[in-house]
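# Predicted structure and sequence below. I'll ask about it afterward.
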Amino acid sequence: MSSHSARSLEWGALIPYLALHVACFAVFWVGWSPFSVTLCVALYFVRMFAVTAFYHRYFSHRTFKTSRAAQFVFAVAANACAQKGPLWWASHHRHHHRFSDQPGDTHSPVQDGFFYSHVGWIWLRSNFRSTREGMADFQKFPELRWLDRHDLLVPTALGVVLFALGALLERIAPSLGTNAWQLFIWGFCVSTVVLYHGTYTINSLSHRIGWRRFATTDDSRNHRGLALLTLGEGWHNNHHHYPGAMRQGFFKGEWDITGEILRVFQRVGLIWDVHQAPARVLADNRDARVPVRGVESPPRRVDLRVVDQQEMPSCS
Ligand SMILES: [Zn+2]
Ligand SMILES: [Zn+2]
């Protein structure tokens, strides 16, 4: 990473990315309607679920199994977040776990500062272009390699569909008070930009604020607010302690909405062989309050009833 080219920026992708942020200011021109803002929020949460459930818990950590067809549908759903393809995403995330907060980590606020870990790392040409390292298990699927190569196809289609839907609704349901540009700006631009920064908090803030249950070798934290914002990913100290668990909220009261939805997926047979944290992992350091500097002190009372663990019989 010391050579000049390794530190140069991927301007061809950075400029559209910045333009997407600037486009959010168009809300002052297109106005708003309850429909457009509701759709913006809905697309944030649906896509946050897709990126955490599939790019993270499936493609990066293989915490459950599914069929080849569902695997592709899951990849397409998460690809709608405009955070590149499944192989690129999971490859960089696996790299983060290999080094977490040590020299060589792709995005560590401890090593390289907050801004770099939040967003700067993506725009280094060496990171933006590299892909598939450590992904031998998934790169054997041609459909995933294809999606990775054409990672703008799905996000572009989403933008076009929203624009067309707005134009249609303006004509057939004028009482909704929306139109093509309004739906495009709220549903695509604002929702995607907020989703970017919501996702990035796991790389930046989740290694900076919150409290620690497990004495991992990195600086990962648990934070209830971040867990809500990211549908469960904010239990990041739990996750670094045992990345192989589908659920990241290990104990009652550690809300993990993605974990709850995936349990429904399991019940209806969409996914199986769901891996959870074993009892010995949950017992490990359970009562320890590792003192770290952080904005939030450890909760005084923690409910230590376990939600899911590996030894439990499957819920049938
Ligand atoms: Zn991390
Ligand atoms: Zn992870």
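Ah, there it is. Ligands and ions are numbered 1, 2, ... in the order given.

# Going by C-alpha atoms from here, please, whenever you check contacts or count neighbours.
OK.

# Next up, the contacts around the closest residue in space to W272 that isn't next to it in sequence.
In space, W272 comes closest to K65 once its chain neighbours are excluded; the distance is 5.2 Å by CA to CA, 6 or more residues apart in numbering. Contact analysis of K65 by CA atoms under 8 Å, 6 or more residues apart in numbering lists Y58, I271, W272, D273, V274.

# State which helix of this structure is the longest.
helix 153-172 (DSSP state H).

# Look up phi and psi at N222.
Here is the backbone geometry of N222 (degrees, to the nearest 10): phi -110, psi 140.

# Q83 sits in which helix or strand?
For Q83, there is no host helix or strand (DSSP states H and E).

# give the contact list for it.
W89, Y196.

# export the contacts of K65 to CSV and tack on neighbour count, secondary structure and distance to H236?
Rendered in CSV, the data for these read as follows (neighbours: other CA atoms under 10 Å; DSSP: H, G, I helix; E, B strand; the rest coil; distance: CA to CA, whole Å):
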residue, neighbour count, secondary structure, distance to H236
Y58, 22, helix, 16
I271, 18, strand, 23
W272, 17, strand, 24
D273, 12, coil, 22
V274, 19, coil, 19
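
# between the residues you listed, which is closest to I202?
Y58 (16.8 Å; CA to CA).

# H93 versus that closest one, what's the distance?
Relative to H93, Y58 is positioned 12 Å away (CA to CA, to the nearest Å).

# Excluding covalently adjacent residues, which one is nearest to R221?
Using CA to CA, 6+ apart, the closest residue to R221 is N237 (4.5 Å).

# And the pLDDT at that neighbour?
pLDDT, N237: 93.

# Looks like it contacts N222 (just checking).
Yes: distance between N237 and N222: 5.3 Å, which falls inside the contact criterion (CA atoms under 8 Å).

# And what about D105, helix, strand or coil?
Under DSSP: H, G, I helix; E, B strand; the rest coil, D105 falls in the coil class.

# Show the contacting residues for it.
Counting by CA under 8 Å, 6+ apart, D105 has contacts H95, H96, H97, R98, F99, Q111.

# okay if I get these as CSV plus distance to I172?
Putting the contacts of D105 into CSV (distance: CA to CA, whole Å) gives the following:
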residue, distance to I172
H95, 49
H96, 49
H97, 50
R98, 53
F99, 54
Q111, 54
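
# one step back: what comes up buried for the longest helix of the chain?
Residues of helix 153-172 classed as buried by neighbour count (16 or more other CA atoms under 10 Å): 154-155, 158-159, 161-167, 169-170.

# coming back round to it: name the nearest of the contacts of K65 relative to Q182.
Distance to Q182 across these (CA to CA) is lowest for Y58, with 34.1 Å.
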